[in-house]
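S.K.: Could you work out the structure for the sequence below:
(one chain, ligands or ions: 2)
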Amino acid sequence: MGLSVTYKILREHLIEGELKAGNEIGIKIDQTLTQDATGTTCYLLFESMGIDRIKAKLAVSYVDHNMAQFGPENHNDHLYLQSISRKVGAWHSRPGNGICHQVNLERFSRPGWTLIGSDSHTPTAGGIGMLAIGAGGLDVAVAMAGGAFYLTCPRVIGVHLKGKLKPWVSSKDIILKLLSILTTKGNVGCVVEYFGEGVKSLTIPQRATCTNMGAELGVTTSIFPSDEVTKSFLAAQSREEQWIELCADSDAEYDRVIEIDLNELEPLAAAPSSPDNIVPIKELAGQKVGQVIIGSCTNSSYRDLMICAKALEGRTIHPDVEFAVAPGSRQVMEMIDRAGGLQTFIQAGARILESACGPCIGMGLSPADGVISLRSFNRNFPGRSGTKGDKVYLVSPEVCISSAITGEIVNPADIGIEYPQIEEPSQFVINDNMLQLPMTETEAKSATIIRAPSIVPPPLSEKPPAKLDGTVLIKLGDKISTDIIMPAGSFLKYRSNVPEYAKYVFNSLNEPGEPSFAQRALAIKEQNRAGIIVAGESYGQGSSREHAALCPMYLGVKAVIAKSIERIHLANLINFAIVPLIFANPEDYDNIDRDDQLRAELLKAIENADETIEIENITKNSTFVCKIILSQRQRKILFAGGLLPMVKNG
Ligand code: MIC
Ligand code: SF4
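M.R.: Ligands and ions are numbered 1, 2, ... in the order given. As a prediction, this is how the structure comes out:
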């Protein structure tokens, strides 16, 4: 049987295990990526491993998330990252240089290589044929130190693209279509691989839009082949020598094949408040829009912005619409400036934001109450924009711009604007002066690490209790995102101070006048009892932020019992020694309530490699069974009290 692109790269990088779907395998990582919001913890953990030089071939530290800088904390973090990353051998991309995934695509991504990044949208680099996976900061720190990255050997979902997109239909509509088919649930352990004649009609940034938002499917990653289009993109970035051809064998077999005829696609939206709540634009047409934002790592390339600028030429933004543009990188900003696009935006009344995550992570531009906000982003989890009860629709840049002009949701094909033809540049502006080189070992010897007092070493994880004797602190429903567990936005400045950040665990679910989750958890911890979280399907979807495990751990949470747990969050829980347990019978979820007292022989079950564990609900005078779905290595991590103690003790 022929091989898929995914398996070709896995075969080249396999260190441990057998390449058989479902098995746990260890692979060698060529490149690592961190951003500031997860990077400080990642580098603090790297430091505590006692290793002074990065062993991966290439490591890049980006600053793009926490840019609001209210108070000194964010800038403290930036200086820490700048000083430590370069000292230990990484590149550093300074704030203002752009969103990590966009800059990485432009300047560092390589077909055939492996990448792990402490950000769930790391798969963006799959657009260039890289096997790029999002992970928690501790897993990234281990890969920086030269360790293997462990994952479930994936099943591969082949997405067969046919035909060519019609004018005004965007690559965003491809991934929205896929989300409508696969949804955000149930795709754990899969890789999405695109193939077919439709691939060649898509530019690299268009492919990257698909692989970027593939993160919302909950898959391990998404990938495109590396072909002539890839070669031209690399040549236009003056990196042609890094190109290799990489295509699936003609007889490659996929575990499932989904066909998408690009000719038949129409503009779509992910309606509030889930990326898989897909509705055709025609069904939403006519609804008044109060805010439109184009940007984020999904849709902020040169083409995305120029198509909008061209459509806007000679027009103005609707008076009822707040309109903002955040170019994905400084390269994009400079390119649209040279092409006249920036001027068009300014003249039309756009608010020009810096090249950073900005409103995508709730850093400003929270919409007013009840206002519909259209965004070219990838996530619209409840409240992520910073407004409780927000109405965020995720759409293509094309739908964004036509709606910004008309003031209502509209299919861009319906408003009589001629479709602008935007050619992919044959040469991008290359200006790497905001990319700082890693220090040489000699330079590093005398370099100091800038560490302000707001940067507090992360708390250490501990072995799970022999007997789980605990209280259900909270009972949650399905699809609880890490945005709900650990809010970002204005709380981001506490990312490098876990005791402070932990005060805001489940912040949006706290009731006014009632003790907060954190207060209740600490009260249970003081009684030497374990905190337990109970949840439904897809617990921990979304971001890779390990704070969603680290902060609950600090508050004394020892176990999460759920119907299912998403991949990156599951790994983060294990890395910080919180035991993930899955209801053997999902109906048992209905018989548990907040404040129930639970008891189980926890450690023995982990040590004995038991596949199930019986849990006693003392309050309800009943018992139920949970599955322990853990590999041998994961059991070892838990038994060692977390990944860091395991790595440190060899
Ligand atoms: C996100 O899009 O949710 C983030 C912010 O980029 C996160 C990382 C973080 O929480 O720092 C992600 O996607 O992993
Ligand atoms: Fe930044 Fe948004 Fe992309 Fe996350 S999804 S990396 S917050 S732009």
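
S.K.: Do you know the pLDDT at whichever residue of the stretch 151-300 of the chain sits closest to ligand 2?
M.R.: Using C-beta to the nearest ligand atom, the closest approach of the stretch 151-300 of the chain to ligand 2 is made by C297 at 3.4 Å. (Each C-beta comes from the backbone N, C-alpha and C, glycine too.) At C297, the predicted lDDT confidence score is 98.

S.K.: who touches the nearest residue to it once chain neighbours are set aside in this structure?
M.R.: Using C-beta to C-beta, 6 or more residues apart in numbering and skipping residues adjacent in sequence, the residue nearest C297 is H101, 4.0 Å away. Contacts for H101 (C-beta atoms under 8 Å, 6 or more residues apart in numbering) come out as 119, 121-122, 124-125, 208, 212, 297.

S.K.: Out of those, just show me the ones up against ligand 1, please.
M.R.: By C-beta under 6 Å from any ligand atom, the members of those lying near ligand 1 are 119, 121.

S.K.: can you pull up the bridge partners for H92?
M.R.: Beta-bridge pairing for H92 (DSSP bridges): S61, Q436.

S.K.: Let me see the contact set for it.
M.R.: H92 neighbours (C-beta under 8 Å, 6+ apart): 60-61, 63, 81-82, 85-86, 435-436.

S.K.: give me the low-pLDDT residue ranges for the protein?
M.R.: Scanning the chain for pLDDT under 70 picks out no residues.

S.K.: got a list of what the one residue sitting closest to the centre of it touches?
M.R.: Nearest to the geometric centre of the chain sits S120, at 2.0 Å (C-alpha atoms, centre = their mean). Contact analysis of S120 by C-beta under 8 Å, 6+ apart lists 134, 215, 542-544, 568.

S.K.: sorry, back to before: which of the contacts of H101 sits closest to A530?
M.R.: Closest approach to A530 among the contacts of H101 (C-beta to C-beta): D119, at 30.5 Å.

S.K.: what's the spacing between the closest one and ligand 2?
M.R.: 5 Å (C-beta to the nearest ligand atom, to the nearest Å).

S.K.: I'd say that residue and S544 touch.
M.R.: Yes - taking C-beta atoms under 8 Å as the definition, D119 is a contact partner of S544 at 5.6 Å.

S.K.: overlap in contacts of the two?
M.R.: 38, 134.

S.K.: Check whether the helix ranked longest in the chain comes close enough to ligand 1 to count as a contact.
M.R.: The longest helix of the chain (DSSP state H) is helix 73-88. No - between helix 73-88 and ligand 1, judged by C-beta under 6 Å from any ligand atom, nothing touches; the nearest distance is 11.7 Å.

S.K.: please renumber so the chain begins at 53
M.R.: Will do, 53 is the new start, and the previous item becomes helix 125-140.

S.K.: helix or strand for D171, which one?
M.R.: For D171, there is no enclosing helix or strand under DSSP states H and E.

S.K.: for it, what are its contacts?
M.R.: 85-87, 90, 152-153, 186, 595-596.

S.K.: ends of stretch 431-451, how far apart?
M.R.: Its start and end residues considered, stretch 431-451 measures 16 Å (C-alpha to C-alpha, to the nearest Å).

S.K.: now N75: how far from D88?
M.R.: Separation of N75 from D88 (C-beta to C-beta, to the nearest Å): 35 Å.
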